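1. here is a sequence with its predicted model. Questions after.
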Amino acid sequence: MNPRRILRSLGVVLALTWLLHSTAVTPPAAYADPCPDVQVLFARGTTEEPGLGATGQAFVDSLRTRLPERPLDVYAIDYPATNDWPTGIQGIRDATSHIEATAANCPETKMVLSGFSQGAAVMGFSTANAIPDGVEGVDIPRPMPPEVADHVAAVVLFGTPNERAMNFLGQPPLVIGPAYAPKTIQLCMPEDPVCSEGLNFSAHAPGAYNGIADEGASYAANRL
């Protein structure tokens with residue numbers, strides 16, 4: 001083939017390629033923006049399968065019905081959730097890392113921190129402004145910067161282990177950080193021995209809190 005004809009054909013192909021790229025439709029900003037309007041971070045309870053757990057799912061489902069017009073994302077805290085409670089530090093580390101990253105990368109996103117049982121302790125400790133006395137180790141997560149609290153709309157905790165329960169487990173008592181305390185609600189089923197003085201252990205079983213998940217969702221929605 002004539003070299004000039006080859007060059008001419010190549011030029012036509014390059015021109016068409018440039019034209020297609022230059023006239024491509026730019027996707028809407030909504031699709032280009034990965035940041036949700038609301039993000040729920042939930043830590044499941046002890047021995048529950050990875051994910052949200054029964055209480056977490058009930059809470060998220062109820063919250064969605066209250067915010068039908070607002071994009072809502074859900075993040076399940078990654079941690080063992082076993083009877084080996086010191087491994088809960090992994091959950092605190094995952095939670096604080098995700099919270100800080102969301103605050104930095106999606107400053108308009110409002111977060112809701114929530115958890116059930118051991119997960120409630122994990123999320124509660126994540127808000128602390130100081131490492132509890134007696135807790136040592138290089139792998140202990142540092143408290144989050146104070147300004148991160150501005151990105152958290154609500155903290156909703158279900159069946160939070162009280163001081164008696166934490167003493168029994170050999171863990172320090174839970175103290176919610178002062179920047180988060182005014183926007184925190186802790187819900188406890190009557191007679192639940194983990195968060196009250198009761199002795200009805202069935203009141204703390206997975207799914208037992210589904211009935212009051214609506215109360216937590218209502219509180220979070222009002223804060224949002």
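-> The structure has been received and is ready for your questions.
2. from E108, how far out is R70?
-> 12 Å (C-beta to C-beta, to the nearest Å). For every residue, glycine as well, the C-beta is placed using N, CA and C.
3. and the two? which has more neighbours close in?
-> Per other C-beta atoms under 10 Å, whichever of R70 and E108 has more neighbours is R70, with 14 against 9.
4. which residues are in contact with each of R70 and E108?
-> D37 (C-beta atoms under 8 Å, 6 or more residues apart in numbering).
5. what are the boundaries of the helices in the protein?
-> Under the criterion DSSP state H, helices of the chain are mapped to 3-22, 29-32, 53-66, 88-105, 118-126, 163-168, 213-223.
6. return the most buried member of those helices.
-> Ranked by mean neighbour count under mean count of other C-beta atoms under 10 Å, the helices of the chain are led by helix 118-126, which reaches a mean of 28.
7. tell me how far that one lies from the chain's centre.
-> 11 Å (C-alpha atoms, centre = their mean, to the nearest Å).
8. list the helices and strands it packs on?
-> The contact analysis (3 or more C-beta pairs under 8 Å, 6 or more residues apart in numbering; DSSP states H and E) places helix 118-126 against strand 38-43, helix 88-105, strand 110-116, strand 152-158.
9. mean pLDDT added to these, as JSON lines?
-> Converted to JSON lines, the helices and strands packed on helix 118-126 look like this (pLDDT from 0 to 100):
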{"stretch": "strand 38-43", "mean pLDDT": "98"}
{"stretch": "helix 88-105", "mean pLDDT": "96"}
{"stretch": "strand 110-116", "mean pLDDT": "98"}
{"stretch": "strand 152-158", "mean pLDDT": "98"}
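10. which of the ones you listed sits closest to I131?
-> Of all those, helix 88-105 sits nearest to I131, with 10.3 Å by C-beta to C-beta.
11. starting at the chain centroid, how far to that closest one?
-> With C-alpha atoms, centre = their mean, you get 8 Å for helix 88-105.
12. got it, and stretch 119-131?
-> The answer for stretch 119-131 is 13 Å, by C-alpha atoms, centre = their mean.
13. pLDDT weak spots in the chain?
-> Applying pLDDT under 70 to the chain flags the ranges 1-33, 133-139.
14. any idea which residue is closest to the centre of it?
-> Residue closest to the mean C-alpha point of the chain, counted by C-alpha atoms, centre = their mean, is L41 at 1.2 Å.
15. and that one, what are its bridge partners?
-> Y75, L113 (DSSP bridges).
16. if I look at it, how far off is G51?
-> In terms of C-beta to C-beta, L41 sits 13 Å off from G51.
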